[in-house]
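S.K.: Here is a sequence with its predicted model. Questions after.
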Amino acid sequence: MQHSPYPRMAIALMALLGLLDAAYLSIERISGGALVCPVGGGCEAVQSSAYAVQLGVPVAFIGVAGYAALLLAALVALNADTIAGLSLADILLALGSIALLAGLYFSYLQVAVIGAICFWCVVAALLDLGIWLAALQNWRASRRAQADATH
């Protein structure tokens with residue numbers, strides 16, 4: 001039994017938006033340009049904080065890689081249920097969970113430690129939540145389809 005492609009399509013769309021968000025922050029980081037902060041004005045404070053680099057890598061670069069992985073997995077999941085014997089529903093939920101936890105961690109840092117909020121980071125955190133919710137829905141539908149196929 002085939003389940004709806006819409007959660008995977010939503011993941012792909014949100015991952016693309018997240019990729020664009022992280023790419024903008026990465027380009028600004030490389031160029032040294034001033035960030036455009038449409039709301040609030042805390043973007044520079046967050047991006048210049050010690051927390052904007054993790055393990056020697058700018059968080060924006062990690063975001064590019066993470067969203068690219070999510071986008072690729074979601075696009076592959078539109079045409080396949082497994083890759084290399086692994087369930088794409090499981091992969092999407094795992095990647096979405098990592099993204100959600102990262103978004104929660106960086107949101108906490110902005111509010112409780114840095115004392116400034118970056119608009120682009122809030123957008124990313126909301127996308128992370130949306131990706132996780134769509135991945136959870138996709139994972140549940142995949143499990144139901146597997147259960148129906150065995151009966």
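M.R.: That came in fine, so what should we check first?
S.K.: Could you check how far residue 29 is from residue 48?
M.R.: Counting by C-beta to C-beta, to the nearest Å, the gap from residue 29 to residue 48 is 10 Å. No exception for glycine: its C-beta is placed from N, CA and C like everyone else's.
S.K.: Equivalent analysis for residue 118, please.
M.R.: According to C-beta to C-beta, residue 118 and residue 48 sit 10 Å apart.
S.K.: the more surrounded of the two?
M.R.: Taking neighbours as other C-beta atoms under 10 Å, residue 118 and residue 48 compare with residue 118 leading, 27 against 13.
S.K.: Quick check: closest non-adjacent residue to that one.
M.R.: Excluding the flanking residues, the one nearest residue 118 by C-beta to C-beta, 6 or more residues apart in numbering is residue 46, at 3.8 Å.
S.K.: That neighbour: neighbour count?
M.R.: For residue 46, the number of neighbouring residues by other C-beta under 10 Å comes to 26.
S.K.: dump the residue contacts of it.
M.R.: Shown in contact with residue 46 (C-beta atoms under 8 Å, 6 or more residues apart in numbering): 52, 110, 114, 116, 117, 118, 121.
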